[in-house]
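1. Here is a sequence together with a model predicted from it:
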Amino acid sequence: MPKEIDVNPLLPFTYDDILYILTSEKKKAPAVADNNAEGRCNRRVNAGSTLSSNSSVPPSELGRERSMTPSDARQQRALEILATGKIDRQGHIFFVPSQSGKPRRSVMLDPTPSCDCADFETRQLPCKHILAVQLFLEREKNGEPLPPLLEVPPSPKRPTYKQDWVNYNLAQTNEKDHFQQLLADLCRNLPDLPAAKTGRKRIPLADALFAAVFKVYSTLSARRFMCDLEEASRRGYIKHVPHFNSVLNCLENPDVTPILFDLIRQSALPLREVETDFAVDSSGFLTTHYTRWWDLKYGSVKQQAEWVKCHIITGVKTNVIAAVEILDKRAGDAPRLPPLVRAAARAFVSTK
């Protein structure tokens, strides 16, 4: 008979809730410019546009800050590098400090500008290091002083949390044993499916579902999984070891789908006193089926793996899954919110 299961709902299957503090600066809402005295409407500037030199409307009157393009950002970073005063020259090679803390970058301007940074290697266009050297030479030629060093506010320190390695290691090393105990307890009292009119006698549903779920958990093929199933039989979790084809047949049987959904709901019940806040999300899972077609443009056969979409509602403290739906890959997320919330509300009291 299976061993008695620890009824403590928190250990060793849950971990402390980690909160990440994300600081972001809200953009100011754009103001609509008023009409001027001549009755002309000031031109609006969108996020992707810039003011030309002959624009009749100064930026201060537009009510909206000019957006920074990638080239403007590189120019700004080049000025910050120039302000450090740490650009060194050895012959025709310039050594420019890196803002990411990595070793200095090597820049050459003759015969063509080049740099060993990833930005230049990807774009083959002037990067912030090349721009900083060009500004350095231009100011050196004109006798201009270096720009003042900009004061950059320090980034907020991200909070860190100490890992409870003792309990973490215990949870990891004993996870497989605890999984079998919990799974056997869930499947123990399942009623058998109606007997088939023809063919072999069905194996007990409790054994079939235990083997099918355990097989998916192990990530092994059905044949390689048989050793684990025999060990589970010796521990008393199942009455007899089914054939590996019987395990696969259980996975393909549509009659067990609602039973599996109900087992998911039952597995979350021990944490209903802990979880009050929930989150909804979805993720895709690839299958072993492929869609193939003939591509006229490239003159070859193309293929793409089919995948399904899993919609879940999960507790934010213990990550327990309270309800789940498996639908087509094109199923929308928003329409699944009400049924998931209703399914979780049958067993949990949610505050938000």
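-> Sure thing, it's come through.
2. Give me the pLDDT for residue 252.
-> pLDDT recorded at residue 252 is 91.
3. ignore the last one, residue 14
-> With respect to pLDDT, residue 14 scores 38.
4. Identify the residue nearest the geometric centre of the protein.
-> residue 283 (9.5 Å; CA atoms, centre = their mean).
5. if I read this right, that residue contacts residue 308, doesn't it?
-> No. Taking contacts as CB atoms under 8 Å, residue 283 lies outside contact range of residue 308: 10.0 Å. Placement of C-beta: from N, CA and C, glycine included.
6. How far off centre is stretch 286-296?
-> Averaging C-alpha positions (CA atoms, centre = their mean, to the nearest Å) puts stretch 286-296 26 Å from its chain's average.
7. what comes into contact with that stretch?
-> Stretch 286-296 is contacted by residues 300, 301, 302, 303, 304, 305, 306, 307, 308 when judged by CB atoms under 8 Å, 6 or more residues apart in numbering.
8. would you list those in JSON lines and tack on neighbour count, secondary structure and pLDDT?
-> Below are those laid out as JSON lines (neighbours: other CB atoms under 10 Å; DSSP: H, G, I helix; E, B strand; the rest coil; pLDDT from 0 to 100):
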{"residue": "300", "neighbour count": "8", "secondary structure": "strand", "pLDDT": "82"}
{"residue": "301", "neighbour count": "9", "secondary structure": "strand", "pLDDT": "84"}
{"residue": "302", "neighbour count": "12", "secondary structure": "strand", "pLDDT": "83"}
{"residue": "303", "neighbour count": "8", "secondary structure": "strand", "pLDDT": "84"}
{"residue": "304", "neighbour count": "9", "secondary structure": "strand", "pLDDT": "84"}
{"residue": "305", "neighbour count": "10", "secondary structure": "strand", "pLDDT": "84"}
{"residue": "306", "neighbour count": "12", "secondary structure": "strand", "pLDDT": "87"}
{"residue": "307", "neighbour count": "14", "secondary structure": "strand", "pLDDT": "88"}
{"residue": "308", "neighbour count": "14", "secondary structure": "strand", "pLDDT": "91"}
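9. Could you count how many residues lie near the closest residue to residue 106 other than its chain neighbours?
-> Nearest-residue entry for residue 106: residue 116, 5.2 Å, with adjacent residues in sequence omitted and distances by CB to CB, 6 or more residues apart in numbering. Neighbourhood size, residue 116 [other CB atoms under 10 Å]: 14.
10. let's number from 14 now, not from 1
-> Got it, first residue is 14 now, which makes that one residue 129.
11. Test for you: state the pLDDT assigned to residue 129.
-> pLDDT, read off for residue 129, is 87.
12. Same question for residue 102.
-> 84.
13. go on, residue 34?
-> pLDDT recorded at residue 34 is 33.
14. same question, residue 17
-> 42.
15. Using PDB, list the CA coordinates for the one helix or strand in the chain whose mean pLDDT sits lowest.
-> When each helix and strand of the chain is scored by mean pLDDT, DSSP states H and E, helix 83-96 comes last, with a mean of 81. In PDB, the C-alpha atoms belonging to helix 83-96 read as follows (Å, rounded to 0.1, in the frame of the first residue of the first chain):
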ATOM      1  CA  PRO A  83      18.200  55.400 -32.900                       C
ATOM      2  CA  SER A  84      20.700  57.700 -34.600                       C
ATOM      3  CA  ASP A  85      19.900  60.400 -32.000                       C
ATOM      4  CA  ALA A  86      20.500  57.800 -29.200                       C
ATOM      5  CA  ARG A  87      23.900  56.900 -30.600                       C
ATOM      6  CA  GLN A  88      24.800  60.500 -30.900                       C
ATOM      7  CA  GLN A  89      23.800  61.100 -27.300                       C
ATOM      8  CA  ARG A  90      25.900  58.100 -26.100                       C
ATOM      9  CA  ALA A  91      28.800  59.300 -28.200                       C
ATOM     10  CA  LEU A  92      28.700  62.600 -26.300                       C
ATOM     11  CA  GLU A  93      28.600  60.700 -23.000                       C
ATOM     12  CA  ILE A  94      31.700  58.700 -24.000                       C
ATOM     13  CA  LEU A  95      33.500  61.800 -25.200                       C
ATOM     14  CA  ALA A  96      32.700  63.600 -21.900                       C
END
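16. Give me the contact list for the helix or strand following that helix.
-> Counting by DSSP states H and E, the next helix or strand C-terminal to helix 83-96 is strand 101-103. Residues outside strand 101-103 that contact it (CB under 8 Å, 6+ apart) are 107, 108, 117.
17. quick one on the thing from earlier: and of the contacts of stretch 299-309, the nearest to residue 230?
-> Comparing the contacts of stretch 299-309 against residue 230 with CB to CB places residue 321 closest, at 18.4 Å.
18. Would you enumerate the residues in contact with that closest one?
-> Contacts here follow CB under 8 Å, 6+ apart; on that basis residue 321 touches 297, 298, 300, 339, 340, 341, 342.
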